[in-house]
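Undergrad: Next come a sequence and a model predicted from it.
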Amino acid sequence: IFIYSITLIPSIFIFLLVYLSGLNIPHSILEPVNQLKSSNYLQYPFLVQENSFFNAFLPRFCGYYDEPGVIGTISGILLMCTGFNLKKKINIPIFIAGILSFSFAFYVISVVYGIIFLKFKYKILIAVFTIGILVFFSDNELLDSYVFSRFEIEDGKLAGDNRVSDENFEYKFDQFCRSNDFYLGLGQTESLNFNYGGASYKDLI
C-alpha cells in the first residue's frame with residue numbers, strides 16, 4: 001500500500017498540471033499493447049492518458065496503467081482493506097486517485113462500504129452527498145455516459161457489470177474450472193476465443 005500510494009503522488013501531480021492548470025508538458029505517443037484498444041496514449045512523465053475524443057472533455061486518471069478502471073479498482077480494494085481510514089496520510093493519494101479515475105468500481109466499493117460499515121452519521125452524509133451529486137450532474141452527458149448510466153438496471157442486471165461480452169462465457173468458465181486444464185491453463189490468448197472484447201478477471205485465470 002505504501003509503495004502504491006507513494007508512486008501515485010507524482011502521477012496525480014502531473015495529471016493536475018496538465019488537465020487543471022492546462023500546462024503543456026512535453027509528452028510522446030504510446031501505442032497500446034492490447035490490440036482491442038481503439039486509441040493510443042499520451043505518455044507524460046509518471047503518467048499515461050488515453051488519447052481519445054472523450055478524454056479531452058472528461059479526463060479520467062490512469063496513473064501508470066492502461067485504463068482508469070485499474071486505478072479505481074485497486075484503490076477501492078486497498079481502501080476497503082484499511083477501513084477507508086483517511087486519517088492515515090498514506091491513504092489520501094489512493095483516495096484522490098480513485099475519485100479522479102471516475103471508476104465505476106471505486107464508487108460502488110466506496111458507497112457500499114460506507115453504508116455497511118461506517119457510523120450512522122456518516123451513512124447519512126454519504127447518502128446526502130451521493131444524491132446531491134446525482135441531482136447536480138444529472139444533465140451532464142459525459143458523466144451520464146461514464147458513470148451514472150452504469151448504475152441502471154438492464155435485463156435484470158447492473159449496466160456497469162460489463163466485464164463479460166459473451167453471454168455463454170460463465171457456462172464455459174464453469175466447465176473450464178471442472179476440467180484438467182484448470183491447473184495448467186489454456187494459454188495466454190485462449191480467453192479471446194471465449195470472451196473476446198471482455199475484461200473479466202476470469203480471463204486471466
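TA: On my side now, so go ahead.
Undergrad: Gln188 and Phe53: what is the separation?
TA: 31 Å (C-beta to C-beta, to the nearest Å). C-beta coordinates here come from the backbone N, C-alpha and C atoms, glycine included.
Undergrad: what's the neighbour count on Ser5?
TA: By other C-beta atoms under 10 Å, the residues close to Ser5 number 19.
Undergrad: which strands and helices sit next to the helix or strand containing it?
TA: Assigned by DSSP states H and E, Ser5 belongs to helix 2-19. Under the contact criterion of 3 or more C-beta pairs under 8 Å, 6 or more residues apart in numbering; DSSP states H and E, helix 2-19 touches strand 47-50, helix 92-100.
Undergrad: Export those to CSV and append columns for mean neighbour count.
TA: Rendered in CSV, the data for the helices and strands packed on helix 2-19 read as follows (neighbours: other C-beta atoms under 10 Å):
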stretch, mean neighbour count
strand 47-50, 22
helix 92-100, 20
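Undergrad: Ok, which of these comes nearest Tyr196?
TA: strand 47-50 (20.7 Å; C-beta to C-beta).
Undergrad: List the contacts of the closest one.
TA: Strand 47-50 is contacted from outside by 10-11, 14-15, 18, 30, 39, 41-42, 55, 59-60, 62-67, using C-beta atoms under 8 Å, 6 or more residues apart in numbering.
Undergrad: Can you give me the pLDDT of the spatially most central residue of the chain?
TA: The centroid of the chain falls nearest to Gly69 when counting by C-alpha atoms, centre = their mean (1.7 Å). On the pLDDT scale, Gly69 is placed at 89.
Undergrad: ok, which stretches of the chain are strands?
TA: For the chain, the strands defined by DSSP state E cover 28-30, 41-44, 47-50, 153-154, 157-158.
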